[in-house]
Structure formats: structure tokens, C-alpha cells
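Engineer: build me a model:
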Amino acid sequence: MALRRQRSTVITKPDFEYPERTALAGATAVVDLGESSSWRTWKFGNRDWQTEAWRLYDIVPEHHFLTGRIGDSVAQARLYVTEVDATGEETGEVDDEAIRRLAAVPLGTGSQRDDCLRLAGIDLAVGGECWIVGEGAATNPEKAEGSWFVVTGAALGRVGNDVTVRRPQQRGGSKLVLADGVDILIRCWRPHPNDTDQADSFTRSAIVPLREIELLTKREFAELDSRLTGAGLMFLPEGVDFPRGVDDPAGLTGFMAYMQRVVAASMQDQSTASAMVPIMATIPDHLLEHIDKIKPMTFWSELSAEITPMKDKAIDRLGASAEIPADVMSKIGDTNHWSGWLITEEGIRWIQGYLGLIADALTRGFLRPELASMGVADPEKYAFAFNTSALAARPNRLDEALQLHDRFLISDEEAVKAGAFSPEQMPTVQERAAQILLKLVTAQPDLILDPAVQTALGLPQVRSVGLPATADQNTDGQDPGGPSNGPPNNGDAPDDAGSARAITAALDNRIMALAAAPLTPERVFNSAAKLLVLRALELAGGRLATPAERRGRWHDVPRHELHAKVGRVTPDKAAQVTDGAWTHVALVASDLGVDPGDLHRLLSGYVNELLTRGMPHHDDLLFAALSIANRGNGLVAA
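Structural biologist: Next comes the predicted model:
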């Protein structure tokens, strides 16, 4: 008898037979509701131990944290299609674009896929199984990307011969009746060794220590309640004369009323004398020798001191069930410690066990049937796999990759993957050229004046801020104030007098040229900015270089260039060594007619850039920064 067509369904076994081949590890079943299917008698829903495991998951924080880290780690892996050889080993990601795209179909995309993977990891860790539902995915997989979700057995049920699943609210809620040929329902589980049809998980073997943690926590609450509701009992000998008020009754009752008034008064005002003076009572002389025997009696037991060690042992047993090293499990609250272990080879292998189950389920339940419907000759040669490079990303691994890349031992793409980035984030050829050009400009600042370099970097035209050309320089670079102003030199010996007159004349000419040069606002502004920058760099250099270095190997280095000798510093260090360098910015900004905040941000940013890069100051670099800030005119309008 053929199955009835309903509004939704469960996928049946494909009508083709796979050739014999070594299977991937894992336990996966695609639900078949045919007349002869064994699923017609399967009891859907959680087993008793799974119900108890989920109850403990909700109330034991250590277990909740542990399984949550499994789910979060699983969600970070990237799903892709790989080819497998005759032994079932992966041979690398496929090149066929049509097959590659199938990795974007199951479990949805983006945050939806991350959420489905996280739930699948947690379900496998707690209940030992997860059920993957693809609503409408059997008829049109690519249009059903948003209809995949993951549930536990508690969401599944049977109404007559129909299997139903309770949709999550984010997928529309209500119950879905699964129908053959329309929907996909996959059971993914870790088989129990004694009954491979049943699920198994580390939580199942940890139920006893988890219950122990629960009971010890309840005991802690009971002890706390006992201490909060009563401070114990104290026996006092007859004959003790307690202080009391005039209207208070005699004995202990009057003393308690008196003490309550004193305590209330001291709580209201700690400066009162009653808050500083002890409460006194008299005791007969014959009882003084027994006063050290008067001690309070408490109601809590000796077990109180043993609760924490017992709890720690139970947590260690939980870690042993999950196959986690004891030193890692003992620091379960230390997120950094856990993250450090998860990115080790041992931690990644631990997560790969869960990823392998999920990949096998998606391979058998979706990939191979879909490849067969596409007409692929041998669907068994393909499988889903997970890339765990995002899990392995760590600073030391990235540093190692960069070192190998600098030695041309690995490709650009592998270096990018080591940092947990995707190849799509790599720069284009044009962007790479701009980056290389920026490095060249950093090493040779004069290149910034090249119009071609300015165009390539998208900068406005930059002009030099050096001293203007004067009449004392001719076209061939010869100083006219030299030989022409002194007697000729026959070449046998230097004419000291002539050389001195030539230098003097050259200096006189330069001074006269400077005096004659127009004092424009731009020149004033640039000079003032340069002085502020040099002051900041001198202060930074004096703080970065030690006195011994300034007196020794760097004795001839100007103080404003010492930072370049020291090398790169962190942004925090740059801010520290320039502290107090900008005290006069407001005064200078007022004279120049610019906003002091803008000027401070611009100059401090320029100086911090030099310090963090270990670069010396150059007038052209400063002028370029000033020009860019005001579209080529500096901060002073042209």
C-alpha cells in the first residue's frame, strides 16, 4: 500500500542502492515510514535516563557549562563537502561548484546554522542523540534553507501511523505532521555498546555524580538556612546577674530586651558611646573558674566542612565521564583556562567526535540522496566534513604561521586560515599593492612627494614644506657664494680663508632669502604644529631611552629621534610617554584660530602613529597629515 500524501512528510529510503564501500563512523538513520519499516514500532520520545539527564542539565551549573562549551565549539566549525577514497579517508574539499553549494543547504545558513549546530552538540552531549528535521527539504532543498531545525526525542510523537514533531517557536511553532517524500527526519546518535539502537552519552554515566552534586548543593542550602534561622544554644549557670532596664523583667528575658535596644541604637549611630562600650554582666566569684567552659552549642553537623571536598570529587568524576583532564575540569569556572584547553589538539579531537556524528548524519540523510537525484554517478565518494581551523586559532599558532609565511614556506591563504579568517577576506591585488606601497613610503618618506604614489594611495597632491628655493642656489646645485667670492684655489691645499668667506656669504644669502619670503598663515601654522610635535617627541624619547643609552650609543641622536631607535611601542605606552606634552595646544590653537580639540587630536594622532610604528618624524609626513585633515589646505583655509 502506498503512503498517503499529506501536507508534510518524512523522507523514505532512496530507490537506488549504494555500492559497497567503507562507511563513515557514526550512527545515523533516515526515518522511513513505509509499511514494512521498523520505524512503525519505534517508541518516540525521551527515555527515562534522558529525562533525568535533562533535569540535571537544568540544575547543575557545572554540567550546563560543560555541555554548553561543547555546543559553542561545534557551532564554530565550517561544514564543507569532501571526496573520500576507498578507505573512507578525506581527500580534500571538492572543486565542483554545484556539489560545493550543497554544504550551504542543511541546517540553514548564518546564525540559524550556528544555532542548529550548537543544539546538536548539546543534545549529543546530554541525551546522546539529536533529531534533524528538514521541513520540505526533500522536494526542494535550496528553497528549504530556512526550515531546518534540531530537536530532542521529547519533541517527537506519533498519531496513528503519522510521526509528528513540535516545531520551535522561531520556526512557526505548532505540530508538523511529517510526510514521505516532502520532509527529512534524521536520527543522529552515539550508539550504546550493549544495545546499538539506544543512545549513549557521557551524561548517562555521570548521572550518579551529578545527583551527588545536586544533593550536596541541597545540603549546603539546608546548612545555610539552619545558620540563618538560629545561632545555636548556650547554657549559662545560675547566679549570673544580667544588666537590664528599669522596666525590664528580671533574668535573661530582661537582658535580651536591654541588648536589643543597645544594638538598635549602635546601628543607627555608630558614633554613640553605647556603640563603643561593651555590654557587661556580673558573675559570682565561685563561678569564675568555670567561665571558659561556657560555650555555644550549634546545630550544624561535622559534614559541613566536608561538603566542598565531596563536591569537588563529584565534579572530577563528571570530568572523567566526559574524558576531560582533571586539571582542566578542576578549573571549570575559569573561562580562559577552558578556552586554552579547547584549542589544543586534545581539545579539538574531543570536539571532533561530535562533529563526526553530525557530518555523518547529514551525509547519509541529505548529501548522498541529493547527489543521486542530481545524477551523480557515485554519491558514495562524497561526504560532509567540518573544518576546525576556527577552533584551533590561537595567537602562538598565528605567529608561527606568519614566521613560516615570511620564509615562503606556506601560502598566503594558509596564513590567513591560521588566524581563523576566511580566504574571502584576503585583500585584492590592488589592495595588496597599496599596502606594499604604504610600507615603502614608511621606509622612504620622500616617496610621498611622488605624484604617482599620491594617486595610487588616493591622497591629495602634497607639496614639500621645506625651505623655499632662493637665489643662493643655481640650477646645478653649486653655491654661488663659494669660489666666486674668494680667491681661486689651485687645488694643492685648501683655501681656509676663501672657504670661510664662501660659507659666510651662503648663510647671509639664506637669511636674507628667509627674511624676504612672505610669512603666510600656512607657514606659521605648519611651523607651530612642527614645534608642538617635536616637543612631544623629545619628551617621549627622553622617557623611552635610558640615561645610559642617551649618554652612550645614542649620544649623537637628537632627542626627538630617540623613539625611532627604541622601536615600536604599544598605544598605551605611547600615551604614557607623551603625557603632558600637549599643555600648550590650547594657547597655540587660539593664536592660529583653529579648534584646540581638532588640533590636539590631529597632532597627538600623528605622534602616536610615529611611536607605535617606530618611525622618525619627517616634515613631509606631517604636512601630508595636515593637508588631508583639511582637503589639502592644512587646518588653515587657503
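
Engineer: and the helices in the stretch 1-150 of the chain?
Structural biologist: With DSSP state H, counting those that start in this stretch as the criterion, the stretch 1-150 of the chain has helices at 48-59, 61-76, 97-100, 110-126.

Engineer: dump these to JSON lines, plus distance to Q198, mean neighbour count and mean pLDDT.
Structural biologist: Any C-beta I mention is one placed from the backbone N, CA and C, and that applies to glycine too. Below are the helices of the stretch 1-150 of the chain laid out as JSON lines (distance: least, CB to CB, whole Å; neighbours: other CB atoms under 10 Å; pLDDT from 0 to 100):
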{"stretch": "helix 48-59", "distance to Q198": "9", "mean neighbour count": "16", "mean pLDDT": "94"}
{"stretch": "helix 61-76", "distance to Q198": "20", "mean neighbour count": "20", "mean pLDDT": "90"}
{"stretch": "helix 97-100", "distance to Q198": "35", "mean neighbour count": "12", "mean pLDDT": "88"}
{"stretch": "helix 110-126", "distance to Q198": "14", "mean neighbour count": "21", "mean pLDDT": "91"}
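
Engineer: of the ones you listed, which is nearest R553?
Structural biologist: Nearest to R553 among those is helix 61-76 (49.1 Å), distances taken as CB to CB.

Engineer: contacts for the closest one next, please.
Structural biologist: Contact with helix 61-76 is made by 56-58, 114-115, 117-122, 124-126, 203, 206, 210, 213, 315, 318-319, 322, 324, 332-333, 338, 342, 351, 354-355, 358, 390-391, as judged by CB atoms under 8 Å, 6 or more residues apart in numbering.

Engineer: between the helices of the stretch 1-150 of the chain, which gets nearest to M374?
Structural biologist: When the helices of the stretch 1-150 of the chain are compared by CB to CB, helix 97-100 sits nearest M374, at 7.2 Å.

Engineer: show me what that closest one is packed against.
Structural biologist: Other helices and strands packing on helix 97-100, by 3 or more CB pairs under 8 Å, 6 or more residues apart in numbering; DSSP states H and E, are strand 78-84.

Engineer: now do the contacts for the nearest residue to A625 once chain neighbours are set aside.
Structural biologist: Leaving out its chain neighbours, the residue that sits closest to A625 by CB to CB, 6 or more residues apart in numbering is Y606, at 4.9 Å. Neighbour list for Y606: V533, L621, L622, A625 [criterion: CB under 8 Å, 6+ apart].

Engineer: which SSE is the third one in?
Structural biologist: Going back to what we said before, that points to L622. For L622, the host element (DSSP states H and E) is helix 619-629.

Engineer: list the buried residues of that helix.
Structural biologist: By neighbour count with 16 or more other CB atoms under 10 Å, helix 619-629 contains the buried residues D620, L621, L622, F623, A624, A625, L626, S627, A629.

Engineer: which strands and helices lie in contact with it?
Structural biologist: helix 521-544, helix 596-613.

Engineer: any chance of a markdown table for those, columns mean pLDDT and distance to V376?
Structural biologist: Shown next, in a markdown table, are those (pLDDT from 0 to 100; distance: least, CB to CB, whole Å):
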| stretch | mean pLDDT | distance to V376 |
| --- | --- | --- |
| helix 521-544 | 84 | 65 |
| helix 596-613 | 87 | 54 |
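
Engineer: now these as JSON lines including distance to G375?
Structural biologist: Shown next, in JSON lines, are the helices and strands packed on helix 619-629 (distance: least, CB to CB, whole Å):
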{"stretch": "helix 521-544", "distance to G375": "69"}
{"stretch": "helix 596-613", "distance to G375": "58"}
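
Engineer: between those, which gets nearest to K381?
Structural biologist: Of all these, it is helix 596-613 that lies closest to K381, at 52.0 Å by CB to CB.

Engineer: and the angle from the closest one to helix 521-544?
Structural biologist: Interaxial angle of helix 596-613 relative to helix 521-544 (axes from the mean of the first three to the mean of the last three CA atoms, to 10 degrees): 50 degrees.

Engineer: next, the buried residues of helix 596-613.
Structural biologist: Using 16+ other CB under 10 Å as the test for burial, helix 596-613 gives L599, H600, L602, L603, S604, Y606, V607, N608, L610, L611.

Engineer: same thing with stretch 557-575?
Structural biologist: Those would be V557, R559, H560, L562, H563, A564, V566, V569, K573, A574, for stretch 557-575 by 16+ other CB under 10 Å.

Engineer: ok, and what's touching it?
Structural biologist: 534, 537-538, 540-542, 544-545, 549-550, 554, 577, 607-608, 610-617.

Engineer: where exactly do the strands run in the chain?
Structural biologist: 27-30, 78-84, 90-93, 129-134, 148-151, 156-159, 162-166, 175-177, 184-189, 233-234, 296-297, 382-387 (DSSP state E).

Engineer: which strands or helices does the third one pack on?
Structural biologist: Taking 3+ CB pairs under 8 Å, 6+ apart as contact, the helices and strands that strand 90-93 lies on are strand 78-84.

Engineer: what pairs with the strand it packs on, parallel or antiparallel?
Structural biologist: According to DSSP bridges, strand 78-84 forms sheet pairs with strand 90-93 (antiparallel), strand 382-387 (antiparallel).

Engineer: between those, which gets nearest to G157?
Structural biologist: Closest to G157 of the strands paired with strand 78-84 is strand 382-387 (CB to CB; 28.7 Å).

Engineer: pull the CA atoms of the closest one into CSV?
Structural biologist: Taking Å, rounded to 0.1, in the frame of the first residue of the first chain, the C-alpha atoms of strand 382-387 are listed here in CSV:
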residue,chain,number,x,y,z
TYR,A,382,31.4,12.3,-1.3
ALA,A,383,30.8,13.2,2.3
PHE,A,384,30.3,16.2,4.6
ALA,A,385,33.1,17.2,6.8
PHE,A,386,33.9,20.0,9.2
ASN,A,387,36.9,22.4,9.1
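
Engineer: touching it from outside, list them.
Structural biologist: Strand 382-387 has contacts (CB under 8 Å, 6+ apart) with 24, 77-84, 90, 94, 99, 103, 106, 352, 355, 358-360, 362-363, 367-368, 371, 376.

Engineer: let me know the angle separating that strand from helix 110-126.
Structural biologist: With the same axes, to 10 degrees as the basis, strand 382-387 and helix 110-126 are set at 90 degrees to each other.

Engineer: what angle separates strand 382-387 from helix 61-76?
Structural biologist: 120 degrees.

Engineer: report the buried members of the contacts of strand 382-387.
Structural biologist: Using 16+ other CB under 10 Å as the burial test, those include 24, 77, 79-84, 94, 99, 103, 106, 352, 355, 358-360, 362-363, 367-368, 371, 376 as buried.
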